[in-house]
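Q: Sequence first, predicted coordinates after that:
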Amino acid sequence: QVQLVESGGGSVQAGGSLRLSCVASGQTASMYVMGWFRMAPGKERRFVARINRSGGSTYYADSVKGRFTISRDNAKNTVNLQMNSLKPEDTAVYYCAASLGYGSGPSTYNYWGQGTQVTVSS
């Protein structure tokens, strides 16, 4: 079992940047495909980005492609999400998740963090 704790959320103006971090404990993060999801008020949880176990392959939702970058440091059991050119529609609670499988659907992921709020004002 792995525990995930996110940090780095906050409030920023449109066009700004934030960097989210997720620290894994309990088991080594390199066992898992890691992903980021977000949930805006009144909407379902949606896929943002994922990274494979070695960090050599990434995949993004179309809505964030070119603006967000996911990365991982297996030695530090961390996964990061660099978010640039933020838009008001990026406002959501962002969740880190770990998967023993591989995919973009929330059901693919076995463990979840508690979430961190990102608010982008216009």
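A: Thanks, I have the structure now.
Q: Enumerate every residue touching Pro106.
A: Phe37, Arg45, Phe47, Ala97 (C-beta atoms under 8 Å, 6 or more residues apart in numbering). Glycine gets a C-beta too; all of them are placed from N, C-alpha and C.
Q: swap in Gln27?
A: The contact partners of Gln27, taken as C-beta under 8 Å, 6+ apart, are Gln1, Val2.
Q: let's see 6 Å
A: For Gln27, the contact set (C-beta atoms under 6 Å, 6 or more residues apart in numbering) comprises Val2.
Q: Please report how far it lies from Val120.
A: 33 Å (C-beta to C-beta, to the nearest Å).
Q: likewise Ser104?
A: 23 Å.
Q: Same drill for these two, tell me which one is more crowded.
A: Neighbours per residue (other C-beta atoms under 10 Å) separate Ser104 from Val120, with Val120 holding more: 20 against 17.
Q: circling back: pull out the buried residues from the contacts of Pro106.
A: Phe37, Arg45, Phe47, Ala97 (16 or more other C-beta atoms under 10 Å).
Q: now these as TSV including pLDDT?
A: Output for these, formatted as TSV (pLDDT from 0 to 100):
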residue	pLDDT
Phe37	98
Arg45	96
Phe47	97
Ala97	97
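Q: quick revisit: identify those among the contacts of Pro106 that sit within strands.
A: Phe37, Phe47, Ala97 (DSSP state E).
Q: Distance to Tyr111 for these - can I get that in TSV?
A: Below are the ones in strands among the contacts of Pro106 laid out as TSV (distance: C-beta to C-beta, whole Å):
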residue	distance to Tyr111
Phe37	12
Phe47	16
Ala97	7
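Q: Closest one of those residues to Asp90?
A: Phe37 (12.9 Å; C-beta to C-beta).
Q: Contacts only, for that closest one.
A: Arg45, Phe47, Val48, Tyr95.
Q: partner residues bridging it?
A: Phe37 has these beta-bridge partners by DSSP bridges: Phe47, Tyr95.
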